[in-house]
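# Kindly return the folded structure for what I paste below:
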Amino acid sequence: MKKNIGVIVNGISILCALAVVGAVAFWAKPCQATLELANGSAVPMRCAFTGKVALLLAVVLIVVCIASIATKKPMSVAVAAISIALIVLTFDTPISIGICKDGMACSATAFWLRLGAVISFVAACAGFALDGKRVHVKP
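Below is the predicted model:
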């Protein structure tokens, strides 16, 4: 079991990334509406951009997990960082894009992004804690 912990943890993160891709592309799509600007032109709502960035982060997460499995080197810190980026992406902060107000279709998208990212983050932390290759400092 200890030998396969990296494969199990990375497999969980890959499944979470695929859930994010599925949510953004199929079952919980971000808002498809546009905003009309003062000059008359229309632009997509910010949740559309959140969906695009989430897809990119999910693909990066899949690539990192596959690289970790292929090289048999733990990349828990990278997986955790990407997962945190997915979580932060859905909130309205100065460093993220955010989603629209409550009640819009993108609220479901944000739920799936947060759920997948939290599960991936927990798996990465568990993989880090259970990794037998880490150097343990003894007093």
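
# pLDDT-wise, which helix or strand of this protein ranks last?
strand 34-36 (a mean of 82; mean pLDDT, DSSP states H and E).

# Enumerate every residue touching the residue nearest the centre of the chain.
Closest residue to the average C-alpha location of the chain: Leu86 at 3.9 Å, with Cα atoms, centre = their mean. Leu86 sits next to Val20, Ala54, Leu57, Ala58, Leu61, Leu113, Arg114, Gly116, Ala117, Ser120 when contact means Cβ atoms under 8 Å, 6 or more residues apart in numbering. Yep, even glycine has a C-beta here, placed from its N, CA and C like the rest.

# Name the helix or strand for the fourth one, please.
Pointing back at Ala58 there. For Ala58, the host element (DSSP states H and E) is helix 46-71.

# re the thing from before, mind checking which helix or strand the residue nearest to the centre of the chain is in?
Assigned by DSSP H and E, Leu86 falls in helix 76-89.

# quick one: buried residues of that helix?
Ser76, Ala78, Val79, Ala80, Ile82, Ser83, Ala85, Leu86, Ile87, Leu89 (16 or more other Cβ atoms under 10 Å).

# Tell me which helix or strand comes right after it.
According to DSSP H and E, the helix or strand after helix 76-89 is helix 106-130.

# before we move on, the earlier item: and the residue nearest to the centre of the chain, how far is that from Ala54?
6 Å (Cβ to Cβ, to the nearest Å).
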